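Student: Need the 3D shape of this:
(one chain, ligands or ions: 1)
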Amino acid sequence: MGTSDQEWRDEQHRVDEVTTKVTRRIEKLQREVGTVRGDVVDLRKEFWDEVRVNFSSSDDLGETSTSLRQQSQVLSERERSHLQSSESLKKMKLLVRSPYFGRIDFEEDGSNNNETIYLGIASLLDDDDEEFLVYDWRAPVSSLYYDGAPGPTSYDTPMGEINGEMKLKRQFVIRNAQIDVMFDTGVTIGDELLQQVLSHSADNQMKSIVATIQKEQNAVIRNDKSRMLVVQGSAGSGKTSAALQRVAYLLYKYRAILKADQVLLFSPNPLFNSYVSSVLPELGEENMQQTTFQAYLDFRLAKEFELEDIFTQMETMLQTDEGHSLEVKRASINFKSSPAYIEVITRYKGYLESRGMMFRPIQFQGRMIISSDTMKEKFYSFEPSVELANRIELMREWMLKELSVFAKKEREAAWVDNQIDLLSADEYQKAYTHVRRKQHKKKDTFDDYEKERDLLARMIVNEWLKPVRKWIKRKRFVDAKGLYRELFLNNELLQVVSGQSSLPVFWDEISEITVADLKKGKLSYEDATPYLYLQELVKGFQTNSAIRYVFIDEVQDYAPFQLEYLKRLFPRARMTALGDLNQGIYAHASVLDSMESLQQLYGPQQTEVISLIRSYRSTYEIVDFTRSMMPGGERIVPFNRQGDKPIVVIETDRDQLHQKIIEDIKALNDQGYEHTAIICKTLMESEQVYEALKDHLTLKKVTKTTPSFVKGTLVIPSYLAKGVEFDAVIIYNASNELYARESERKLFYTVCTRAMHLLHMYSLGEPSHFITDVGSEKYVLIN
Ligand SMILES: Nc1ncnc2c1ncn2[C@@H]1O[C@H](COP(=O)(O)OP(=O)(O)OP(=O)(O)O)[C@@H](O)[C@H]1O
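Tutor: Got it, this is the predicted structure:
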């Protein structure tokens, strides 16, 4: 809908006015921040000058402490004020170039007052703090802009629903205080603006989308009722974008009680962490915490085991030769990632309540302090109704007492005398000081020889037993490894706890490999979470209650076990899980067959599922091609942005193939496509390609340890391209030799959907049937 010249002039006039106010506000805040910073520095420097310190009498002591308190109050007040001013300044700086992006005119029922509401990244009040010149995009009234169309409408507020009529919905693009684009619009945030935004070049960092949030995305962002929010959305439908705006929304709505470090995002890989890290700061918010599930496993298990990571597992599974060992590995992954295996572990815990617990004996200098059998006997002497983990707690207390008894006896041992004799003068002095401190500074500690020997012996024994004590305190006496191994050594046990008389496929081989790995101190990726889960069921769960919101991106890549584990790990958190079943690239992903199964986690009552079906990232032609690869793909709705059809280039000679790719990339660079990727299937292929092309092109090699994306032409293995996007994607070898197994369809789909503007697939020999099955009208074939 067009706007008149007069309206344009009026709006520009308002932009000028607001910008002038913001500029003035910035100048004022800069002065304030400077002054307060100076005050804080001075106060810190002069802190002790202002405090009257006098410890002579109890009155003086009281005065000193009051003076200290007052001085630290002044300091913390100034520090708070500095923080506030700095935050306001940060927001004003966001507003100065583009104060707002939307306007709605709304008349509340019965008010007769047409209120004009402008929406921006942050709110702005006029000088007397009475009128909002700009409303924060997250304010309750702003939802009208994203959800409502001109006409009768309503929005929710903490006080209840407000009804009225929207008279106007207008969009702006304001750059450097000048209106570039302005138009009035209907329900959706205009396609025109989206067209503009989406046709831009890719970046190595994700951007915020506040000006063009779509209605269904807004539902994700503002959803506030469910414990678990599941977002199923096609590739490029804005799941990650919506998740990040949702974090910003929650931080705004609950600003009095929620801090950014109480929100945790699980990303698919460390690279992705850096890719999304600028969105929240762009919105004036602090970043949430970010991690990967792998990082958590490393944190918990890497000291104990040589841990297979998810990418190594992936490399194994992507081997071209489907030999028997790969079949066994796949069966192992499938079983160990299945809900049935959760049942096995849970029932195993029940089984252990009455039998089968395993302990590691406590020994000292080759002598037994407490044997495994004694521990087991003690464990089963506790009341059977006491929870397993609580019994372990009781065991810990009992063992610490036993250790004290042992320590007392040990003080008389001959080795202790030897140690005392061996103490150097220095050590003796140290021991003396130490013992004195322990004895609360009694002066007569080393008065007579007997006492002296006794105290030194006590100290030496305690020192020597310190690691044992620590070991007990950490409950290392529970033989978690033995308990886990038992499942693979004892078929009868497995049958009992699985409730099945038959054993899983390839069980003998799976068991043999698992046991051998455990013996070597190795743990495969598929064993890591079940192992941890069993250990926690027995020893008690380590939980993190500080985290209030957990976001899991690419949830289709998690096994049910891992989700169950996260639920336990964060007992006070609400969860938002975002995923696309079509992009489940890992072997264990096949077990998570529908997003609805995620409802089991917290139960349907506490779960809400939202589907996003519009795909924004890629051009119409690319989405039309990629969606045809997937069963049910017709449900994906491409955003109507036109581009070139995907290209398939067939070549029989590898050198020729390289030559063509080099020319292609040079041409793309000339056309201004700055962020392109040569996507290879595996790391090995990626390394070979990098070596072959690096002298002809400026390339950046990406591996699992690359800390962040940079702009340019990347050479990247398929699975590391998850979640990110590029102007142009070059699939290095999309041949049928490489991509033919059904299990690789989703991987191929995922890599193709990384392209925003251009998708070029090269093939050494016959192209993958994933391409040819699509229908030749959807791509251009070059022989
Ligand atoms: N409402 C929107 N306005 C502007 N751009 C959008 C909008 N929604 C999504 N996009 C853009 O579409 C692209 C894809 O978004 P995003 O990465 O969030 O999708 P996704 O669903 O997480 O994708 P995938 O599952 O394929 O990784 C990004 O460039 C994002 O900025």
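Student: Which secondary structure state is assigned to the closest residue to residue 236 other than its chain neighbours?
Tutor: Nearest non-adjacent residue to residue 236, counting by C-beta to C-beta, 6 or more residues apart in numbering: residue 617, 2.9 Å away. In short, each C-beta sits where N, CA and C put it, glycine included. Three-state assignment for residue 617 (DSSP: H, G, I helix; E, B strand; the rest coil): coil.
Student: who touches residue 617 in this structure?
Tutor: By C-beta atoms under 8 Å, 6 or more residues apart in numbering, the residues touching residue 617 are 198, 235, 236, 725, 753, 755, 756.
Student: Give me the subset of those that also touch the ligand.
Tutor: Filtering these for proximity to the ligand by C-beta under 6 Å from any ligand atom leaves 198, 235, 236, 725, 753.
Student: taking the contacts of residue 617 one by one, which sit in helices?
Tutor: Under the assignment DSSP state H, these contribute residue 198 to helices.
Student: What is the nearest of the contacts of residue 617 to residue 116?
Tutor: Nearest to residue 116 among the contacts of residue 617, counting by C-beta to C-beta, is residue 198 at 29.0 Å.
Student: for the chain, which strand is longest?
Tutor: strand 160-175 (DSSP state E).
Student: Around the ligand, which positions in the stretch 451-600 of the chain sit nearby?
Tutor: So the stretch 451-600 of the chain meets the ligand at 580, 583 (C-beta under 6 Å from any ligand atom).
Student: try the chain
Tutor: Counting by C-beta under 6 Å from any ligand atom, the chain sits next to the ligand at 194, 197-198, 207, 209, 212-214, 217, 233, 235-241, 580, 583, 616-617, 723, 725, 753.
Student: Put the buried members of these into a PyMOL selection.
Tutor: Typed into PyMOL, the next command selects the buried ones out of the residues of the chain next to the ligand (criterion: 16 or more other C-beta atoms under 10 Å):
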select buried, resi 194+198+209+212+213+214+217+233+235+236+237+238+239+240+241+580+583+616+617+723+725+753
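Student: So which of the residues of the chain next to the ligand belong to strands?
Tutor: Going by DSSP E, the strands hold residue 233 from the residues of the chain next to the ligand.
Student: that older thread, list the neighbouring strands of the longest strand of the chain plus their orientation.
Tutor: As defined by DSSP bridges, the strand partners of strand 160-175 come to strand 102-108 (antiparallel), strand 151-157 (antiparallel), strand 178-184 (antiparallel).
Student: Mind telling me which residue is nearest the centre of the protein?
Tutor: Nearest to the mean C-alpha position of the chain, by C-alpha atoms, centre = their mean, lies residue 266 at 1.8 Å.
Student: Helix, strand, or coil at the residue nearest to that residue when sequence neighbours are not counted?
Tutor: Closest residue to residue 266 apart from its sequence neighbours, by C-beta to C-beta, 6+ apart: residue 552 at 4.7 Å. Following three-state DSSP, we place residue 552 in the strand state.
Student: got it, and residue 609?
Tutor: strand.
Student: start at 54 instead
Tutor: Okay, residue one is now 54; in that scheme the one you just asked about reads as residue 662.
Student: what's near enough to touch it?
Tutor: 283, 284, 285, 648, 649, 651, 652.
Student: And the buried ones among those, selectable in PyMOL?
Tutor: To isolate the buried subset of the contacts of residue 662 in PyMOL, counting by 16+ other C-beta under 10 Å, use the following:
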select buried, resi 283+284+285+648+651+652
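Student: Nearest to the ligand, out of the contacts of residue 662: which one, please.
Tutor: For the contacts of residue 662, the closest approach to the ligand (C-beta to the nearest ligand atom) belongs to residue 284, at 8.5 Å.
Student: And the one helix or strand the closest one maps to, what does it pack against?
Tutor: Applying DSSP states H and E as the criterion places residue 284 in strand 281-286. In terms of contacts (3 or more C-beta pairs under 8 Å, 6 or more residues apart in numbering; DSSP states H and E), strand 281-286 is packed against helix 292-306, strand 627-632, helix 652-655, strand 660-665.
Student: Give me the buried stretch members for the shortest one, please.
Tutor: Residues 652, 654, 655 are the ones in helix 652-655 that count as buried (16+ other C-beta under 10 Å).
Student: Ramachandran angles for residue 807?
Tutor: Residue 807 adopts backbone torsions of phi -80, psi -10, taken as degrees, to the nearest 10.
Student: sorry, that was for residue 175
Tutor: Torsion angles, degrees, to the nearest 10, at residue 175: phi -140, psi 160.
Student: That one: neighbour count?
Tutor: Other residues near residue 175 come to 23 when the count uses other C-beta atoms under 10 Å.
Student: what about the closest residue in space to residue 412 that isn't next to it in sequence, which SS state?
Tutor: Spatial nearest neighbour of residue 412, chain neighbours left out: residue 428 (4.0 Å); criterion: C-beta to C-beta, 6+ apart. When classified by three-state DSSP, residue 428 comes out as helix.
Student: Verify the contact between residue 428 and residue 448 for me.
Tutor: Yes. Applying C-beta atoms under 8 Å, one finds residue 428 in contact with residue 448, separated by 6.9 Å.
Student: Flag the shaky bits of the stretch 304-453 of the chain, pLDDT-wise.
Tutor: In the predicted model of the stretch 304-453 of the chain, residues 373 satisfy pLDDT under 70.
Student: Strands along that one, start to end?
Tutor: Using DSSP state E, counting those that start in this stretch, the strands of the stretch 304-453 of the chain run over 316-320, 342-345, 359-360, 415-417, 420-423.
Student: which one of these has the most crowded surroundings?
Tutor: strand 316-320 (a mean of 24; mean count of other C-beta atoms under 10 Å).
Student: Could you tell me the angle between that strand and strand 627-632?
Tutor: Relative orientation of strand 316-320 and strand 627-632, computed by axes from the mean of the first three to the mean of the last three C-alpha atoms, to 10 degrees: 20 degrees.
Student: ok so, going back, give me every residue that touches the residue nearest to the centre of the chain.
Tutor: 343, 344, 345, 346, 603, 604, 605, 606, 619.
Student: And those, which is closest to the ligand?
Tutor: The ligand has its nearest neighbour among these in residue 606, at 7.1 Å by C-beta to the nearest ligand atom.
Student: what helix or strand does residue 786 sit in?
Tutor: Judged by DSSP H and E, residue 786 forms part of no helix or strand.
Student: Residue 820 is in contact with that one, correct?
Tutor: No. Residue 786 is beyond contact range of residue 820, at 9.7 Å (criterion: C-beta under 8 Å).
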